[in-house]
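S.K.: build me a model:
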Amino acid sequence: MTDQDDRAEELRAIAERLGLHFNDLRLLDRALTHASVSGDHDKSAPHYEALEFLGDAALNLAVSHCLFRQAPERTPGEYSRMRAAVVNRRSLARLARQLGLGEAVRLGKGEERAGGRLRDALLEDCLEAVVGAVYLDQGWQAVVEFVQRLFSEEMERAQSIGQWLDYKSKLQHVCQARHHTLPKFVVVRSAGPDHRKEFEVEVILNGRPAGRGIGTSKKEAEQRAARAALENEQ
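M.R.: Below is the predicted model of the structure:
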C-alpha cells in the first residue's frame with residue numbers, strides 16, 4: 001500500500017467519524033494540511049488557510065441560522081452572545097480533539113517539532129477548514145446539518161444558561177418597540193467598605209420608577225433592576 005493509499009484510508013476514517021461522505025476527498029485532505037507542509041515539499045501544495053477563511057464564515061452563519069430557528073424572538077445582542085458561547089477557540093479546539101483532527105493533520109517538520117498539532121489555534125483552524133470543505137463539497141444544507149449535529153450540546157447550553165441574557169439590553173429593546181423613552185438607571189444607595197461595596201439602582205421608565213436591583217457592582221445592580229422592570233412590565 002502506498003503513502004497515498006494510506007492517506008486516503010485515513011481521510012475516509014475521519015470522514016466516517018464526522019458522519020460525512022466526501023465526493024472529493026482532496027478537499028478534506030486540504031482542510032487537514034498545514035501551510036508548513038509546503039515548506040518541506042512542493043511550494044504550491046494546497047493547505048487549509050483559504051478553506052479556514054471560508055469555513056469561519058460558513059460556521060458563524062450556520063450557528064446563527066440554527067440559534068435563530070431554535071430560539072426565535074431573541075434580541076440581536078442575545079443572539080450574538082449565544083453564538084460567541086458556541087463558536088470560540090476553546091469549544092472548537094475541544095471538538096477537534098474529540099474528532100481526532102489533530103492526529104490527522106499534515107505538518108511540516110518544524111511545526112511538528114514545535115508541537116503544532118496540540119495547539120488550540122491550529123485545531124480551531126482545522127475544524128473551520130473542514131466546515132469550508134463540507135460547504136464546497138456538499139453545499140449549504142450539509143453544512144447546517146453538520147453544524148447542528150456537531151454543536152448541538154453547545155447550542156442547547158447557550159440557550160439555557162441565564163447569564164447569557166442581558167436584561168438591560170432587553171429592556172431597552174422593549175422600550176424602543178413600544179416607542180417609550182430609553183430607561184434611565186439611577187444609583188439610589190451605596191454602602192459598605194470599598195472592597196465590599198453594595199449598590200442599589202432604580203430604573204426609571206417614562207419618568208416613573210419601574211424596578212430596583214441590588215448588587216456588588218453598579219453593573220450587576222443595573223441588570224437586576226432591569227430584570228425587575230421587565231417582570232413588572234409583563
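
S.K.: CA atoms only for stretch 120-137 - export them in PDB, please.
M.R.: Output in PDB follows, covering the C-alpha atoms of stretch 120-137 (Å, rounded to 0.1, in the frame of the first residue of the first chain):
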ATOM      1  CA  ASP A 120      -5.700  25.200  20.200                       C
ATOM      2  CA  ALA A 121      -5.300  27.800  17.400                       C
ATOM      3  CA  LEU A 122      -4.300  25.100  14.800                       C
ATOM      4  CA  LEU A 123      -7.100  22.700  15.900                       C
ATOM      5  CA  GLU A 124      -9.600  25.500  15.600                       C
ATOM      6  CA  ASP A 125      -8.400  26.400  12.100                       C
ATOM      7  CA  CYS A 126      -8.600  22.800  11.000                       C
ATOM      8  CA  LEU A 127     -12.200  22.400  12.200                       C
ATOM      9  CA  GLU A 128     -13.200  25.600  10.400                       C
ATOM     10  CA  ALA A 129     -11.400  24.400   7.300                       C
ATOM     11  CA  VAL A 130     -13.300  21.100   7.400                       C
ATOM     12  CA  VAL A 131     -16.600  23.200   7.500                       C
ATOM     13  CA  GLY A 132     -15.300  25.000   4.400                       C
ATOM     14  CA  ALA A 133     -14.600  21.700   2.700                       C
ATOM     15  CA  VAL A 134     -18.100  20.400   3.500                       C
ATOM     16  CA  TYR A 135     -19.600  23.600   2.000                       C
ATOM     17  CA  LEU A 136     -17.600  23.300  -1.200                       C
ATOM     18  CA  ASP A 137     -18.200  19.500  -1.500                       C
END
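
S.K.: buried residues in that stretch?
M.R.: By 16 or more other C-beta atoms under 10 Å, the buried positions in stretch 120-137 come out as 122-137. For the C-beta atoms, the positions are set from N, CA and C on the backbone; glycine is no exception.

S.K.: then stretch 80-93?
M.R.: Judged by neighbour count using 16+ other C-beta under 10 Å, the buried positions of stretch 80-93 are 80, 81, 82, 83, 85, 86, 87, 91, 92, 93.

S.K.: from the residues you listed, pick the one nearest residue 186.
M.R.: Nearest to residue 186 among those is residue 81, at 25.9 Å by C-beta to C-beta.

S.K.: my guess is that closest one meets residue 159, correct?
M.R.: No - if you go by C-beta atoms under 8 Å, residue 81 and residue 159 don't touch, sitting 10.8 Å apart.

S.K.: and the contacts of the longest helix out of those in the chain?
M.R.: The longest helix of the chain (DSSP state H) is helix 49-70. Helix 49-70 has contacts (C-beta atoms under 8 Å, 6 or more residues apart in numbering) with 27, 30-31, 35, 74, 79, 82-83, 86-87, 125-133, 135-136, 140, 143-144, 146-148, 151, 155, 158-159.

S.K.: just the CA atoms of the helix or strand hosting residue 29, as CSV, please.
M.R.: In this assignment (DSSP states H and E), residue 29 forms part of helix 25-31. C-alpha atoms of helix 25-31 as CSV (Å, rounded to 0.1, in the frame of the first residue of the first chain):
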residue,chain,number,x,y,z
LEU,A,25,-11.5,13.6,-0.6
ARG,A,26,-8.9,16.1,-1.8
LEU,A,27,-10.9,18.8,-0.1
LEU,A,28,-10.8,17.0,3.3
ASP,A,29,-7.0,16.4,2.7
ARG,A,30,-6.5,20.1,2.1
ALA,A,31,-8.5,21.0,5.2
